[in-house]
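>>> Just the structure for this:
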Amino acid sequence: MLFKSKNKNKIDYDNMPKHIAFICDGNRRWAKKRGLPTLLGHKEGVEAIKRVVRRASEINFPNLTFFCFSTENFGRSKEEVDYLFNLFRGLKDMIKSFIKYDYRFHHTGDRSLLSKDILDLIDEAEETTKNCKKGTINIALAYGGRNDIVNACKRIVSEKVKPEDITEESFKKYLTTGDMPDVDLLVRTSGEQRISGFMLYNMAYAELYFVKKHWPSFKGEDLDECIIEYQKRTRRFGK
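Numbers count the residues shown, from 1 in each chain. Sure, this is the predicted structure:
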């Protein structure tokens, strides 16, 4: 089954990735380029997420992850950090959209680094959308790949899991990515070509796609382009 994209290419619905992860980079650069306060770039970045989710719903795409705030981002100015978390508090208003599009909400990240009101919002969103069936929208907030692996190891030790019971698959349940499938395609915007510690365990064989446009300029049709690019690749998994 083929879906038409706005360009001359088409999406092959029979060869879809199961999980695309986005490093949403370039919000501040987008704003500076337009002579706007840099914080407004983050606000427009949220709108870009909404556009991509809406387009994903139209083509029944199952799983999306958005890297919105890393453990390292806490080192930014208090003004910027506070602004970003105030934007995230808008999640309460987005729950209706998740239900409308039939997506379950999931949070990936270190809960110990988040305030109680943010944790309450996350819990509410996950509980309210738990019966949605189309797929999962995963927001990585206060997330670091190494941090997640270290914390997973701590949980394994605390539960006294026997070494012989630890496998590559069983290890995943201790990560905050939960039951999300491995990443098939990583997309990073703004022309940067690195993964910045993102989902290190889950991206062992992910295809990498680096896009020049800044994240606030990302549109629903750009999701089509990412899928089409993925479908040009031949995945061998070391075989």
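>>> quick one: low-confidence parts of the protein?
Applying pLDDT under 70 to the chain flags residues 1-9, 239.
>>> residue ranges for the strands of the protein, please.
All strands of the chain, identified by DSSP state E, fall at 2-4, 10-12, 19-23, 63-70, 103-108, 135-143, 185-188, 207-210.
>>> and the longest helix along the chain, what other elements does it pack with?
Identified as the longest helix of the chain according to DSSP state H is helix 38-58. Helices and strands touching helix 38-58, by 3 or more Cβ pairs under 8 Å, 6 or more residues apart in numbering; DSSP states H and E, are helix 27-33, strand 63-70, helix 78-88, helix 91-101, strand 103-108, helix 220-232. The way it works is simple: take the backbone N, C-alpha and C, and place the C-beta from them, glycine included.
>>> got the CA coordinates for the third one in CSV?
In other words, helix 78-88. This file holds the C-alpha atoms of helix 78-88, laid out as CSV (Å, rounded to 0.1, in the frame of the first residue of the first chain):
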residue,chain,number,x,y,z
LYS,A,78,17.5,29.2,35.0
GLU,A,79,15.4,31.4,32.8
GLU,A,80,15.6,28.9,29.9
VAL,A,81,15.1,25.8,32.0
ASP,A,82,12.1,27.4,33.8
TYR,A,83,10.6,28.4,30.4
LEU,A,84,11.0,24.9,29.0
PHE,A,85,9.3,23.3,31.9
ASN,A,86,6.5,25.8,31.8
LEU,A,87,6.0,24.7,28.1
PHE,A,88,5.9,21.1,29.3
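>>> what angle sits between it and helix 38-58?
Computed by axes from the mean of the first three to the mean of the last three Cα atoms, to 10 degrees, the angle separating helix 78-88 from helix 38-58 equals 30 degrees.
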